[in-house]
Structures are given as structure tokens and as C-alpha cells.
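Student: Could you work out the structure for the sequence below:
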Amino acid sequence: MILAVDLDGTLLRSDMLHESIWSALARDATSPFRAAMALKRGRAALKRYLVGAADIDVTSLPYDPGVIERIRAWKAEGGRTALVTASDETYARAIADHLDLFDEVHGSDGVRNLKGEGKAAFLQERFGAAGFAYMGDAEADLPVWSRAAKAITVNAPARLRHAAEQSCADVDHLVTRTPTARPYVLALRPHQWMKNLLVFLPMLAAHRLDAATVLTAILAFVCFSLVASSVYLLNDLLDLSADRAHPRKCKRPFASGSVPIAHGTLMAIGLFLGGCAIGLWVGPGFLLVMLGYFALTLGYSLHLKRRMVLDICVLAALYTVRIVAGGVATGLSLSVWLLAFSVFFFLSLAAVKRQAELMDAASRGKLTAAGRGYHVDDLPIIAMIGVAGGYIAVLVMALYVNSPDVTKLYAIPEMLWGVCAILLYWITRTVMVAHRGQMHDDPVVYAARDRISQICFLLILVFAVAGALQ
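Tutor: Numbering: from 1, shown residues only. Just a heads-up that it's a prediction; the model follows:
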């Protein structure tokens, strides 16, 4: 008897249709329109179109080791195996060639969609009634199990397991992982929400700490966190191939298959709509700034991150937009000093982020950083941008200390020279750490975890508070 194995959600901890949709979108922003035209000819035609539009490396896909072990055990007992999937046959054959587990391969061919009743009829015609065992994971597999001699469910919920038992007399339930909420939380990247603390900066810089202003800033922070998480989800979905080629990013929830791509799509939409609702409550002006942030971030994820120099300028702008949003939300005007400092300081951090990525690529023998517009040979220039941008930010801070504006807010403005000195040290050290390949991919996250950076932040806070005290 032959063992027929489903691909999506069974052998693979993902779905090739969703994989190819996001891969095609990452390559060409107009692909959804072309996909819609292909869908008019049926789902099989859509899948065949996406094969050509997407770029998927089947060797890096998240296969289920428990399922692979079960297939090998079947073959070791002398059984034959077949990969039978609703995914396009082109992908099915590439995966079968990579795994070298199957005697036969069958998939959708651009006309026939091999799913549900269609798959059941095909298997019965090819192997005879009750002439095969079938391994699957979804409700669409119930018609197949009803005609199989043996049903094997994979990580199926209780309701589906019960339905399978009603459909087939001989049923095995294979559990290769236990569902938890942790990967879903990690997909939101809550540790990145610290960047949204920048919305409090206009309030702090203006020394406005009344209850109404603080509450508005908190709502703005929540709003930006929701929208930022929706963008992180979209970015991870668009970056699946690049993440799987990375030694650490390959463990991200979507790249590793611990969270289904379909769930990520729904989460991104829900978070964005929730953020918009809160943003509208804060105010139309704030909502407009937030939508601008979302559009710029989406443009970065789709295209701009691959454009040399422009990418780090956009990253610096995204940080500054958070500050602008905080000012708009609280109704506080932003000084030119704050904006100038922000632009140069975050340009420095963006360059350090690229420097860290290139150093990581160089350590792995790569000539480029995956999905970026830089070569390892660009490292000296990127490091120079990081140092120059940071030093100019400190210069702006020094000029602010000597400006007439500072005396309106600080009783002892000379204390701010201590802030300048610490920033000068921290920026120089951060670039050096990145140069030695010892930095996390994101310098903001690195700074939050680094003990010396934490001490620097506390000292900056001490100097700022001491200067403001009457």
C-alpha cells in the first residue's frame, strides 16, 4: 500500500500558495493585480502564475521533521510513498527532488486543482478504493480520508481528529508540535515598541507633564505600537526568503513555520485597523501622520530597503516621524533643534544597523547582505556615515546648549554639556562594537540590552534632570 502525503500544513509547516503570494509581492508590487486576472481562470491557474512570479528556495522551507521521520519509517518497512498536493506540481517536484522521499509526485497542473474531492477522486482512480493511506491536516482532507484504507492526521485539532475517525476506520494522530501563543507574541516584536517611546519626546522636551498631555501621549504610543507591529508582520512576510537565509532570522515565527502565513496576514490587518481607530480618537492630524508613517514603512518593506543610501535616509525619517507624531498628538510645536538632532542621530543609527548586517554577512563569507543594496566592500563608507551622523547630532546638541532657547527650559543649561559628552562616547563605542561584529542587527535593541548603554542613558537622564531643576 502506498502512503500519500499532503504538502501544505503537513510535510511543510507553511502553505505554498501563501508563500508564493508574498514572494511575488516582494518582487513586484503589481503582482496582486496580475494574480487576480489569473484567478479568473481558476485556482490552479493562479498557482501556475505564481510559480513564475515568485522566487522560492525549496531547500530552505520549514519542513516538519516529525512527518519526515514518519515517511522514512514507512519506506523502511517496504512501503511506497507519493507526494500528492494541491500546490502546483512545479513546486511539488522541486520539493520531492530536494527531500528524496517520494516514489511519485502529483500536484495541480494549471488546470486541475488537486484538492478535496478532486484529490480524493484522483487517488481512488490511481490506487483503487482503499488502496492507499493518506496523511493530511485540514478539513479539505476529509473526502480523501473517507476513501483511504488508513488516515493519518498531522497536528489536527480535536474536532478534525474526531471527524477523521468518523470518515475512516483506521486512524492515527501524529502530533509533532504543541501550539502556543509565544510565537504569535514574538511575531509582533514587542521589544521594538521601545522605539515608539519617541512620541513622548516632544512632551518631555517641552517639560509638559500635565495629565491630559501624558494621557494623549500614551494613546499615541499604543497606536504607533499597534501599527508598527502590523508593519513588522508585513515586513516578515515579505522577507521570508531573506530571513531563511540568515542564521538568526530563520528562527522568526513565519520563516520557521511556527505561525501560519495566513494568520500573520489577518493579524497585520487587525492591528492596522485597531491602530487607525485609536489614531482617529487622538485626532485627525495625528492619524494623518500615522498613515504617512505606515505608507513610508510599507514602501520601505516593498522596495526602498533595497535602494542604497535611500534606505538609511528612510529609516532615519521613520524615527523622526514618531517625534513629529508625538508633537501633533499633544499639540506641542517642535523646535528646529529637536528635529535636526533627530535626523542626524537616527541617520547614524540606521548606518550602524547596516554596518552590523554587513559585518554579519562578511563573517559568513557573503559578499552582500541579503535583501539590501550594499556590498561588504561598502563597510568603510557605512561606518563613516555612522560616525559623521552621530557627531553632527552631538554638534547640534552643543549648539542648542549655547542658544537662547535653552534658558527657557533649563535653570542650569551647562549641565547639558554632560549629555553631549556621554552621547559622543556612546556613538563612538557603538560604531566600534558594530565594527567588531558584536552587535545585534538593530542598534536600538542592542542598546536596550547592553549594560554600558543603560548606564549612559541613566547618566544622560541625571544631567538633563539636574539642569532642569530650579
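Student: now the stretch 351-470 of the chain, which segments are flagged as low pLDDT?
Tutor: 364-373, 440-441, 470 (pLDDT under 70).
Student: let's go with 80 and repeat that
Tutor: Regions of the stretch 351-470 of the chain meeting the criterion pLDDT under 80 cover residues 360-376, 405-409, 439-442, 468-470.
Student: for it, what spans make up the helices?
Tutor: Secondary structure of the stretch 351-470 of the chain (DSSP state H, counting those that start in this stretch): helices located at 379-401, 416-435, 443-449, 451-468.
Student: could you redo those as JSON lines and give each row mean neighbour count?
Tutor: For every residue, glycine as well, the C-beta is placed using N, CA and C. What follows is the helices of the stretch 351-470 of the chain, written out as JSON lines (neighbours: other Cβ atoms under 10 Å):
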{"stretch": "helix 379-401", "mean neighbour count": "19"}
{"stretch": "helix 416-435", "mean neighbour count": "19"}
{"stretch": "helix 443-449", "mean neighbour count": "17"}
{"stretch": "helix 451-468", "mean neighbour count": "15"}
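Student: Quick check: end-to-end length of stretch 232-247?
Tutor: End-to-end distance of stretch 232-247: 19 Å, with Cα to Cα, to the nearest Å as the criterion.
Student: next one: it to chain centre, how far?
Tutor: The offset between the C-alpha centroid of stretch 232-247 and the centroid of the whole chain comes to 6 Å, using Cα atoms, centre = their mean, to the nearest Å.
Student: And stretch 34-54, by the same measure?
Tutor: Its chain's C-alpha centre lies 25 Å from the corresponding centre of stretch 34-54 when counted by Cα atoms, centre = their mean.
Student: what's the answer for stretch 79-92, then?
Tutor: Centroid separation for stretch 79-92 versus its chain: 29 Å, with Cα atoms, centre = their mean.
Student: Then stretch 216-236?
Tutor: Taking Cα atoms, centre = their mean, one finds stretch 216-236 lying 13 Å from the centre of the chain it belongs to.
Student: buried sites along that stretch?
Tutor: Residues 216-217, 219-236 are the ones in stretch 216-236 that count as buried (16 or more other Cβ atoms under 10 Å).
Student: Could you do stretch 115-127 as well?
Tutor: The neighbour-count check on stretch 115-127 (16+ other Cβ under 10 Å) flags 115, 116, 118, 119, 120, 122, 123, 124, 127 as buried.
Student: go on, stretch 306-321?
Tutor: Neighbour counts using 16+ other Cβ under 10 Å place 311, 312, 314, 315, 316, 317, 318, 319, 320, 321 of stretch 306-321 among the buried residues.
Student: can you give me the mean pLDDT across that stretch?
Tutor: Across stretch 306-321, the average pLDDT comes to 87.
Student: ok, whichever strand in the chain runs longest: who's next to it in the sheet?
Tutor: In the chain, assigned by DSSP state E, the strand with the most residues is strand 80-88. Paired neighbours of strand 80-88 in the sheet (DSSP bridges): strand 2-5 (parallel), strand 104-108 (parallel).
Student: Just send these back as a markdown table, with mean neighbour count too.
Tutor: Shown next, in a markdown table, are these (neighbours: other Cβ under 10 Å):
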| stretch | mean neighbour count |
| --- | --- |
| strand 2-5 | 24 |
| strand 104-108 | 21 |
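Student: Thank you, goodbye.
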